[in-house]
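Just the structure for this:
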Amino acid sequence: MKPFWIEPASSIKGEIILPSDKSISHRAVFISSIAKNKTKVENFSLSKDCLYTLQAFKKLKVKIVRNKNTLTIYGKGLKGLKKPEGSLFLGDSGTTIRLLCGVLVGQNFSTTLKAGPSLSQRPMRRVLEPLRMMGADIDSLNKKENEEYPPLLIKPVRKLKSIDYTLPVASAQVKSAILLAGLFADGITTVREPIKTRDHTERLLYQCGVDIQIKKEKISVRGSKVLKTAGYIFIPGDFSSASFFIAATILLRDSSLLIKDVGLNPTRLGLIEVLKRMGANIELNYKIPDKDFHEPWGDIFVRSSALKGVRITKDEIPLLIDELPILMVISCFAEGKTIIESVEELRVKETDRINSMVEGLSSMGAKISVEKKDHREDLVIESVGYLKPAKLKTFGDHRTAMSLVIAGLLAKGKSLIDDISCVDKSFPNFLNILKKVVRSQ
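From the prediction side, this is the model:
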């Protein structure tokens, strides 16, 4: 436990460069490891989650040379991974365990995947069921009622078959696991997503020469015998990390901030679209445009803005799922009422983020409530204009912690967070970068 006092701030000024995108970093290691020949990955994320992915592939006998945050990965080919010595421990990284399922079901050895305390409570049936439909032999060693959790045991099968699968819950992790498994299957594997999710996996597979077709909600891959290397992958700054600085800049008076070299993938910019609708002053300057299915990136310039409340619909949620905690903080200062539909997926993140954020913000005087309708949960947040200082709990969740730090900057006095160490999961340098641009009262 590492408590942290938050002093209120007067403004945000300056420019920053943020840590690398976690989602792309994970996928760069996954796909480069099963590609043929060498790939250079520049600006790899050094967050705990991504380091678990790196460690896992090293244990699967992939040669990976790391020089600071640059990786040289000597890919083993689709079937070239080797049985690890013992089980693979993956910490609390949901991306690592779910995508690994898609890769390991195509290998010729058995593997056990173990998880940390938080990930051991996260549901796995959503990824296990479609892989079993493909013929995978994969089992949970921890079943409770109608759900399955880690540890997971994966055994080899003679061959996988292609499927046409519609995602019942919007999930880029599940989609990616199926597409990766589809590389090992006969025929064409199709994933249909009624609601669009982030497409980093599709873009990287395309760069590696995979026969991938994308038509509206339908993504199809043809089974491959060889996956060629992308050669070079640059990973831009993480937009989810940028969201906390965007929020602070918008909400503090006389503030302006330049965030350089950030990923601007359209499937990650749901928060930007919502904030512009609320009246935020945000400019995007593309250095690499969204062209030829490469990852776009560039700079974000943000200024203080007066906001108004809006309704965020169910279809928008997958494009800003990681930014919902900070959006709750922002909504406390938007004139009128903000309604965020269908946030129930937040119940099964690293912690129950509905509970952690509602409890934290309510203790600071926010007017925030949850409306339950059938299987749906909507958040209703009314403007309060200011927050009061409080003792805040992170529940061990990195996004809750960083969101409450931003809330503390806006409070009328000093707030205390019970444990700030959990931010290392995604953003180890968060406080240091924040200190560089915060102007004290």
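
element containing the residue lying closest to residue 149 once chain neighbours are set aside?
When the adjacent residues along the chain are set aside, residue 149 lies closest to residue 142, with 4.3 Å between them (C-beta to C-beta, 6 or more residues apart in numbering). Glycine gets a C-beta too; all of them are placed from N, C-alpha and C. Per DSSP states H and E, residue 142 falls inside strand 137-144.

partners of that strand in the sheet?
Paired with strand 137-144 in the same sheet, following DSSP bridges, are strand 147-155 (antiparallel).

For the partner strand, give me every contacting residue.
Judged by C-beta atoms under 8 Å, 6 or more residues apart in numbering, the contacts made with strand 147-155 from elsewhere in the structure are 87, 90, 97, 101, 104-105, 110-115, 119-125, 128, 136-143.

Show the buried residues in those residues.
90, 97, 101, 104-105, 111, 113-115, 119, 121-124, 128, 136, 138, 140 (16 or more other C-beta atoms under 10 Å).

quick one: which of those residues sit in strands?
Of the buried ones among the contacts of strand 147-155, the ones assigned to strands by DSSP state E are 111, 113-114, 138, 140.

could you dump those residues to JSON lines with distance to residue 425 and pLDDT?
What follows is those, written out as JSON lines (distance: C-beta to C-beta, whole Å; pLDDT from 0 to 100):
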{"residue": "111", "distance to residue 425": "24", "pLDDT": "97"}
{"residue": "113", "distance to residue 425": "18", "pLDDT": "98"}
{"residue": "114", "distance to residue 425": "17", "pLDDT": "98"}
{"residue": "138", "distance to residue 425": "26", "pLDDT": "97"}
{"residue": "140", "distance to residue 425": "23", "pLDDT": "96"}
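
ok, residue 308 touching residue 275?
No: using C-beta atoms under 8 Å, residue 308 is not in contact with residue 275, being 11.1 Å away.

okay, the two: which has more neighbours?
Using other C-beta atoms under 10 Å as the criterion, residue 308 and residue 275 rank with residue 275 on top: 26 against 13.

Mind listing what's buried along the helix or strand hosting that one?
Under DSSP H and E, the secondary-structure element containing residue 275 is helix 270-278. Counting neighbours by 16+ other C-beta under 10 Å, one finds that the buried residues in helix 270-278 are 270-272, 274-275, 278.

Out of those residues, which comes closest to residue 294?
Looking at the buried residues of helix 270-278 and their distance to residue 294, the nearest is residue 272, at 19.5 Å (C-beta to C-beta).

For the nearest residue to the closest one once chain neighbours are set aside, name its beta-bridge partners.
What sits nearest to residue 272 in space, not counting adjacent residues and going by C-beta to C-beta, 6+ apart, is residue 282, at 6.0 Å. Residues in a beta bridge with residue 282, per DSSP bridges, are residue 302.

Please verify my assumption that residue 282 contacts residue 307.
No: Residue 282 lies out of contact with residue 307 (C-beta under 8 Å); the separation is 11.5 Å.

list residues touching both of the two?
Shared contacts of residue 282 and residue 307, defined by C-beta under 8 Å, 6+ apart, comprise 250, 275.

where along the protein do the helices fall?
Listed in chain order, the helices found in the chain under DSSP state H are 22-34, 48-59, 94-104, 125-133, 172-182, 200-207, 239-251, 270-278, 324-331, 353-363, 398-409, 430-437.

As a markdown table, the ones you listed with mean pLDDT and distance to residue 222 would be great.
As requested, the helices of the chain are exported to a markdown table (pLDDT from 0 to 100; distance: least, C-beta to C-beta, whole Å):
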| stretch | mean pLDDT | distance to residue 222 |
| --- | --- | --- |
| helix 22-34 | 98 | 16 |
| helix 48-59 | 97 | 24 |
| helix 94-104 | 98 | 16 |
| helix 125-133 | 98 | 17 |
| helix 172-182 | 98 | 8 |
| helix 200-207 | 97 | 11 |
| helix 239-251 | 97 | 31 |
| helix 270-278 | 98 | 30 |
| helix 324-331 | 97 | 35 |
| helix 353-363 | 97 | 38 |
| helix 398-409 | 97 | 37 |
| helix 430-437 | 96 | 41 |
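
Ok, which of the ones you listed comes nearest residue 376?
Among these, the nearest to residue 376 by C-beta to C-beta is helix 353-363 (12.2 Å).

Now do that closest one and helix 324-331, the angle between them.
30 degrees (axes from the mean of the first three to the mean of the last three C-alpha atoms, to 10 degrees).

by contact count, what packs against helix 353-363?
Contact partners of helix 353-363 among helices and strands, from 3 or more C-beta pairs under 8 Å, 6 or more residues apart in numbering; DSSP states H and E: helix 324-331, strand 367-373, strand 376-382, strand 391-392, helix 398-409.

let's see it at 7 Å
Contact here means 3 or more C-beta pairs under 7 Å, 6 or more residues apart in numbering; DSSP states H and E; on that basis helix 353-363 packs against helix 324-331, strand 367-373, helix 398-409.

Pipe the ones you listed into TSV and attach mean neighbour count and distance to residue 388 per row.
What follows is the helices and strands packed on helix 353-363, written out as TSV (neighbours: other C-beta atoms under 10 Å; distance: least, C-beta to C-beta, whole Å):
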stretch	mean neighbour count	distance to residue 388
helix 324-331	27	14
strand 367-373	13	13
helix 398-409	28	10
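
Of these, give the one that comes closest to residue 391.
helix 398-409 (10.7 Å).

wait, which of the helices of the chain is closest to residue 233?
Relative to residue 233, the nearest member of the helices of the chain by C-beta to C-beta is helix 22-34, separated by 4.8 Å.

So which bits of the closest one are buried?
Quick answer for helix 22-34 (16+ other C-beta under 10 Å): 22-34.

Then stretch 211-226?
Of the residues in stretch 211-226, those scored as buried under the neighbour-count criterion (16+ other C-beta under 10 Å) are 212, 219-224.

Put the alpha carbons of it into PDB.
The C-alpha atoms that make up stretch 211-226 are tabulated as PDB, following Å, rounded to 0.1, in the frame of the first residue of the first chain:
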ATOM      1  CA  ASP A 211      -5.600 -12.600 -46.000                       C
ATOM      2  CA  ILE A 212      -8.000 -10.500 -43.900                       C
ATOM      3  CA  GLN A 213     -11.200  -9.000 -45.200                       C
ATOM      4  CA  ILE A 214     -13.200  -6.400 -43.300                       C
ATOM      5  CA  LYS A 215     -16.700  -5.500 -44.400                       C
ATOM      6  CA  LYS A 216     -18.700  -3.400 -41.900                       C
ATOM      7  CA  GLU A 217     -19.200  -5.600 -38.800                       C
ATOM      8  CA  LYS A 218     -17.600  -8.700 -40.400                       C
ATOM      9  CA  ILE A 219     -13.900  -9.600 -40.100                       C
ATOM     10  CA  SER A 220     -12.600 -12.700 -41.800                       C
ATOM     11  CA  VAL A 221      -9.200 -14.300 -41.900                       C
ATOM     12  CA  ARG A 222      -8.000 -17.300 -43.900                       C
ATOM     13  CA  GLY A 223      -5.900 -19.900 -42.200                       C
ATOM     14  CA  SER A 224      -2.200 -19.400 -43.000                       C
ATOM     15  CA  LYS A 225       0.800 -21.700 -43.300                       C
ATOM     16  CA  VAL A 226       3.200 -18.800 -43.000                       C
END
